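> Give me the fold of what follows.
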Amino acid sequence: MSSAIARLLPRRRGARIEIIPLIDVIFFLLATFVLFTLSLNRIVVLPVEPPDTRPPEFQTPPGLTLRVSDPGTLYWDKDLILLTELPARLAQYRVTEADPKIMITSDPGVTLGAAVEVLDTVRMAKITKVTFDTRPPSRTP
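I've put the predicted structure just below:
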């Protein structure tokens, strides 16, 4: 008879611990502690005034400027010369200057080959300090 009564009574289950609400509570506590510890630190900021700066003005580098114009012609500083005159002038420049420096620039529309030809001539004159003047292309509509 006791077995019949036991079947009719609901079974007692053991206690279940739900994991999802437990994770929610743990994250809430973690966020609370993090915010609390951040509020404990006093952040001190020192007032700093940045120095007043301006970009440097463009300065032409010391030395010689070779401006490649049309194929076969170029400017030695401001003097128009032919490419055939360049080796003799470079040899004289190398003798007169203790530290010869050359900047190669070109007019718009000049091919790269003309500038490389001038560079090759400068290298054959055994001048090693060579710079190129580069500028972004103009944006005219």
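> Provide a complete list of residue ranges assigned to strands in the protein.
Along the chain, counting by DSSP state E, strands occupy 64-68, 73-76, 79-82, 101-106, 129-132.
> Return the most buried member of these.
strand 64-68 (a mean of 21; mean count of other C-beta atoms under 10 Å). C-beta here means a position set from N, CA and C on the backbone, and glycine is covered the same way.
> can you give me the angle that strand makes with strand 101-106?
Comparing the axes of strand 64-68 and strand 101-106 via axes from the mean of the first three to the mean of the last three C-alpha atoms, to 10 degrees yields an angle of 20 degrees.
> what residues does strand 64-68 touch?
74-77, 86, 93, 100-107, 110, 114-115, 118, 122, 133 (C-beta atoms under 8 Å, 6 or more residues apart in numbering).
> Mind checking the pLDDT average for that strand?
The average pLDDT within strand 64-68 is 90.
> Can you lay out the strands of the chain as JSON lines showing distance to Asp24?
Formatted as JSON lines, the strands of the chain follow (distance: least, C-beta to C-beta, whole Å):
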{"stretch": "strand 64-68", "distance to Asp24": "74"}
{"stretch": "strand 73-76", "distance to Asp24": "78"}
{"stretch": "strand 79-82", "distance to Asp24": "84"}
{"stretch": "strand 101-106", "distance to Asp24": "69"}
{"stretch": "strand 129-132", "distance to Asp24": "65"}
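> what about the ones you listed, which gets the closest to Ser39?
Checking the strands of the chain against Ser39 by C-beta to C-beta gives strand 129-132 as the closest, at 57.1 Å.
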